[in-house]
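*Asks:* the following comprises the amino acid sequence and a computationally predicted model.
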Amino acid sequence: MPADMSDENQSALEMGATSSGERNIPDPGDNRSYSEEEVQNLLKALKSEREARKVYEKEVKEKAAMLEKFADIQPEEYRKLQEEVATSAREKAAVEERTALLEEKYGSQAAEAAKARDSANRELQEFRKRYALEKVFFAAGGRTDSADGVSFFDMLANQIGAQFRLEVDGSITVVDNAGDPVLDKESGRRLNPEDYLGQFKTHPIYGTFFKGNKGSGAGIGYGGTDTVGMTGEDLHALSRDELFQRAFG
């Protein structure tokens with residue numbers, strides 16, 4: 001092997017140049033001896049890279065020379081071209097700035113609108129659930145009268161409303177704390193909401209929220225008996241605050 005070839009090989013290996021297009025190219029970090037074929041592969045890769053770089057540099061120089069020649073031949077056109085490039089750059093920057101401002105402004109507004117929409121949807125769903133629950137409450141014998149804007153249904157719904165879920169068809173389902181439907185122990189089917197509310201008729205407080213059975217006189221304001229035969233208390237003279245304390249104290 002010629003001496004100059006050996007020097008070139010050593011220089012190429014120290015540079016660490018490689019080519020993915022050639023196979024069997026040695027690793028410069030390896031301390032082992034390289035065969036003549038491996039060295040030749042590395043030299044070919046280096047030569048290809050140098051030729052590609054020369055072509056690129058030549059194209060750059062040619063374009064720069066053409067631009068200079070154009071500037072010499074038509075300086076006014078060249079000046080206009082430069083001004084147009086500068087103007088285009090400024091307009092692009094201005095558009096990007098305005099776009100960023102609009103995105104910031106309307107992006108926050110869109111987020112607020114989406115938040116308000118979600119809140120409105122939740123309120124609507126809650127309204128629909130209370131409406132459906134109120135119908136079930138009345139069907140179960142719930143009292144319809146109210147005082148000072150507060151009804152028996154409102155007091156009961158505020159306490160047990162979370163135990164119901166509104167379905168797509170507008171009906172409600174009794175659910176447990178995990179949100180799963182509560183099943184009737186006898187039938188294995190979903191517990192009827194009216195039956196669920198009916199269980200509260202025997203409650204010492206909630207029982208007064210329902211009408212008495214067959215004239216038994218159960219409920220607030222009546223001195224008769226409730227659904228389990230217990231003597232009811234006449235609560236007509238109680239204030240609203242006292243009524244709330246009795247109900248939820």
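*Replies:* Noted; the coordinates are in hand. Residues are numbered from 1 along each chain as shown.
*Asks:* what's the longest helix in the chain?
*Replies:* In the chain, assigned by DSSP state H, the helix with the most residues is helix 75-139.
*Asks:* distance between that one and the chain's centre?
*Replies:* 16 Å (Cα atoms, centre = their mean, to the nearest Å).
*Asks:* what average pLDDT does the helix or strand following it get?
*Replies:* Next helix or strand after helix 75-139 toward the C-terminus (DSSP states H and E): strand 146-147. Averaging pLDDT along strand 146-147 gives 86.
*Asks:* check which element follows strand 146-147 along the chain.
*Replies:* That would be, after strand 146-147 and using DSSP H and E, strand 150-151.
*Asks:* in terms of secondary structure, what does that following strand contact?
*Replies:* On a contact count with 3 or more Cβ pairs under 8 Å, 6 or more residues apart in numbering; DSSP states H and E, strand 150-151 meets no helix or strand. In this view, the C-beta of every residue, glycine as well, is placed from N, C-alpha and C.
*Asks:* and if we set it to 10 Å?
*Replies:* Under the contact definition 3 or more Cβ pairs under 10 Å, 6 or more residues apart in numbering; DSSP states H and E, strand 150-151 sits against helix 240-248.
*Asks:* ok so, going back, give the other helices and strands that the longest helix of the chain contacts.
*Replies:* helix 36-73, helix 152-160, strand 164-166, strand 172-174, helix 193-198.
*Asks:* of those, which is nearest Y206?
*Replies:* Across the helices and strands packed on helix 75-139, Y206 has its closest neighbour in helix 152-160 (6.2 Å, Cβ to Cβ).
*Asks:* and that closest one, how far from the chain's centre?
*Replies:* Offset of helix 152-160 from its chain centre (Cα atoms, centre = their mean): 33 Å.
*Asks:* mind listing what's buried along it?
*Replies:* By 16 or more other Cβ atoms under 10 Å, the buried positions in helix 152-160 come out as 152-153, 155-157.
*Asks:* run through who's touching that helix.
*Replies:* Outside helix 152-160, the residues within contact range by Cβ atoms under 10 Å, 6 or more residues apart in numbering are 129-130, 133-138, 142-146, 150-151, 161, 164, 174, 196-197, 200, 203, 205-206, 208-211, 219-220, 243-244, 247-248.
*Asks:* for L102, find the nearest of the helices and strands packed on helix 75-139.
*Replies:* Comparing those by their distance to L102 (Cβ to Cβ), the top pick is helix 36-73, with 37.2 Å.
*Asks:* got the angle between the closest one and helix 75-139?
*Replies:* 110 degrees (axes from the mean of the first three to the mean of the last three Cα atoms, to 10 degrees).
*Asks:* list the buried residues for helix 36-73?
*Replies:* Of the residues in helix 36-73, those buried (16+ other Cβ under 10 Å) are 38-39, 41-43, 45-46.
*Asks:* output the contacting helices and strands for that helix.
*Replies:* Counting by 3+ Cβ pairs under 10 Å, 6+ apart, helix 36-73 packs on helix 3-15, helix 75-139.
*Asks:* just how off-centre is it within its chain?
*Replies:* 52 Å.
*Asks:* ramachandran angles for H203?
*Replies:* Dihedral angles of H203 (phi, psi; degrees, to the nearest 10) stand at phi -70, psi 140.
*Asks:* end to end, how far does stretch 134-148 reach?
*Replies:* Start-to-end span of stretch 134-148 (Cα to Cα, to the nearest Å) is 18 Å.
*Asks:* okay, now K129: neighbour count?
*Replies:* As a burial measure, K129 scores 18 neighbours (other Cβ atoms under 10 Å).
*Asks:* N158 versus that one, what's the distance?
*Replies:* Applying Cβ to Cβ, to the nearest Å, the value for K129 to N158 is 13 Å.
*Asks:* shared neighbours of those two, anything?
*Replies:* With Cβ under 10 Å, 6+ apart as the test, K129 and N158 reach no residue in common.
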